[in-house]
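> Provide a 3D model corresponding to the input given below.
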Amino acid sequence: MANQKRVMRVLRKDDLDAIVRIDQVASKQNRREYYTRKIEAMLNPNHNINVSLVCEIDGRLAGFVMGDVYFGEFGIPETSATIDTIGVDPELQAHGVGSELLDQFMTNMKAAGVKKVYTSVNWDNFALARFFARQRFAPSKRVNLEYELA
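Below you'll find the predicted structure:
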């Protein structure tokens, strides 16, 4: 892994197939429609800014992080950001790809004036919770609420 060329860059529309492939291995579902809509929305000129990133290793997409910047939404007065999706090619996990993506994302958010970055993890996804804990994420003072429609 040390001799391979890593490039961090902004996510593009032509990253769709690789993102779907990485996510399908992790989620055991094909969520192409979700990612198609998400990427189209992110790249829409009316969208705030595209803050989503990918990591390429030797020209191959190795991982991605998707998020948004918010300017006062949800009653939070300061500029904040969310990370809603992160994925790393299973063959490249435990090689620092996810950590590098988050480091670059945080650097970009700081430059954009973001004060806090939020994410959510399913309560039983221990591996992802540990990953975010290693990246210095901590439980938030915010409470997520849900209402199940029957």
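> Ser80 falls within a strand, correct?
Yes. Checked against DSSP: H, G, I helix; E, B strand; the rest coil, Ser80 lies within a strand.
> residue boundaries of the helices in the protein?
For the chain, the helices defined by DSSP state H occupy 16-27, 32-43, 97-111, 126-134.
> and the third one with helix 126-134, angle?
Using axes from the mean of the first three to the mean of the last three Cα atoms, to 10 degrees, the direction of helix 97-111 lies 50 degrees away from that of helix 126-134.
> Dead centre of the chain: give me the residue that sits there.
The structure's the chain has its C-alpha centroid closest to Val65; by Cα atoms, centre = their mean the separation is 2.6 Å.
> which residues does that one form a beta bridge with?
On the basis of DSSP bridges, Val65 is bridged to Leu53, Ile86.
> Same check on Val7?
According to DSSP bridges, the residues that bridge with Val7 are Glu56.
> and it, how many neighbours does it have?
As a burial measure, Val7 scores 11 neighbours (other Cβ atoms under 10 Å). For the C-beta atoms, the positions are set from N, CA and C on the backbone; glycine is no exception.
> any idea how far it is from Arg60?
Applying Cβ to Cβ, to the nearest Å, the value for Val7 to Arg60 is 10 Å.
> Give me the common contacts of these two.
Shared contacts of Val7 and Arg60 (Cβ atoms under 8 Å, 6 or more residues apart in numbering): none.
> Now distance to Gly87, mean pLDDT and mean neighbour count too, for the helices of the chain, in CSV please.
CSV is the format used below for these (distance: least, Cβ to Cβ, whole Å; pLDDT from 0 to 100; neighbours: other Cβ atoms under 10 Å):
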stretch, distance to Gly87, mean pLDDT, mean neighbour count
helix 16-27, 4, 93, 16
helix 32-43, 10, 92, 15
helix 97-111, 9, 93, 17
helix 126-134, 11, 80, 13
